[in-house]
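# sequence and predicted model, in that order:
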Amino acid sequence: MYIVKMVNVMKKPTLKEVADYCNNPEQAQLFYLHFESIDWMVGKQGNKHPMANWKSAITGWIKRSKPVSKIDTALANKGTALSDRLWVRMTEIYGHKWTSSFTSTPLKSWVNVIEKLQPQMIAKGLERMVTNSIKTGDDWPPTLIKFIGYCKPQVHGINSQMYKPHVPALTKISNPEVAQSAIEKLKRMVA
C-alpha cells in the first residue's frame, strides 16, 4: 500500500500583491526579489521545498528585518563613501540584476553624481524608486538619469511654488503695433 502525501502548491504572488499585503514597499520588494530569484523555495540546503504560504513568510521576514528608516538613514552615517553605501543598497534591492548591469563596484559616472547629492535626497530617491517599481511592476534597476530623477524634489503639492521654472520678462517690446494687436486678439478670445 502506498501513501500519497498531498502538497499544496502555492500560486506565486505578484510584486503588487506582496506590497498591498504588507504595507511596507521596501520590504515587499526585497522579499519578492529574494524569493523570485530562488523560485519561491524554502528550507535548508539539501531539504529545499516550495513555499506553502507567502503571506506567513513575509510576516516572518518583516519581523526579522531592520526597519526601513534605519536602513535608509544608514546612508547618512559617516564611514564609507556615499556612492559605496548606495551601491551596497542597490545590490541588496536588485541582486544580480544590479551587479550584472552596473558591476559590483561603483562606476565613476555614478560616483561623480552621487557624491554631489545630499544623503536625504538619496534616501528619498530610494523610497520613490521602490514605490515606482511596485506600481509599475518593473523590477529592473534604474539608469543613473532615472535615479537622479527619483532623488530630485517632485513638482506638485504645496512646495511646487519653489520649483517653478524661471521665465525672463520681456525687457523691450520690439514692435509696439504687433504687441497691441496681440493684446487685442487675446482680449477678444477671453471675452
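Looks like it came in fine. Numbering: from 1, shown residues only.

# so Arg117 is in contact with Leu82, correct?
No Arg there; residue 117 is Leu. Yes - contact status for Leu117 versus Leu82: in contact at 7.5 Å, counting by Cβ atoms under 8 Å. Using the backbone N, CA and C atoms, a C-beta is placed for each residue, glycine as well.

# before we move on, which element is the most centrally placed residue in the chain in?
For the chain, the residue nearest the mean C-alpha position is Met129 (1.4 Å; Cα atoms, centre = their mean). Assigned by DSSP states H and E, Met129 belongs to helix 119-136.

# and the chain, what are its domain boundaries?
13-65, 67-155 (automatic domain parsing).

# figure out the length between the terminal residues of the first one.
Read that as domain 13-65. 20 Å (Cα to Cα, to the nearest Å).

# how far off centre is that domain?
18 Å (Cα atoms, centre = their mean, to the nearest Å).

# what average pLDDT does it get?
Across domain 13-65, the average pLDDT comes to 82.

# what does stretch 131-143 give?
On average, stretch 131-143 scores 87.

# alpha carbons of that stretch, as PDB, please.
Extracted in PDB, the C-alpha atoms of stretch 131-143 (Å, rounded to 0.1, in the frame of the first residue of the first chain):
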ATOM      1  CA  THR A 131       7.300  52.800  -4.800                       C
ATOM      2  CA  ASN A 132       7.500  53.300  -8.600                       C
ATOM      3  CA  SER A 133       8.800  49.700  -9.100                       C
ATOM      4  CA  ILE A 134       5.800  48.400  -7.200                       C
ATOM      5  CA  LYS A 135       3.300  50.500  -9.100                       C
ATOM      6  CA  THR A 136       4.700  49.600 -12.500                       C
ATOM      7  CA  GLY A 137       5.800  46.000 -11.700                       C
ATOM      8  CA  ASP A 138       9.300  46.900 -13.200                       C
ATOM      9  CA  ASP A 139      11.900  45.100 -11.200                       C
ATOM     10  CA  TRP A 140      14.900  46.200 -13.200                       C
ATOM     11  CA  PRO A 141      17.300  48.700 -11.700                       C
ATOM     12  CA  PRO A 142      17.100  52.300 -12.900                       C
ATOM     13  CA  THR A 143      19.700  54.100 -15.000                       C
END
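
# contact partners of it?
Identification of contacts with stretch 131-143 by Cβ atoms under 8 Å, 6 or more residues apart in numbering yields 14-16, 19, 25, 28-29, 32-33, 36, 90, 93-94, 97-98, 101-102, 129, 150.

# swap in stretch 28-39?
Taking Cβ under 8 Å, 6+ apart as the rule, stretch 28-39 contacts 12-13, 15, 18-19, 21-22, 51, 54, 57-58, 61-62, 65, 92-96, 130, 133-134, 139.

# any idea how far Lys55 lies from Gly46?
The spacing between Lys55 and Gly46, counted by Cβ to Cβ, to the nearest Å, is 26 Å.

# tell me which of the two has more neighbours.
Lys55 (12 against 5; other Cβ atoms under 10 Å).

# and the more buried one, which helix or strand is it part of?
helix 54-64.
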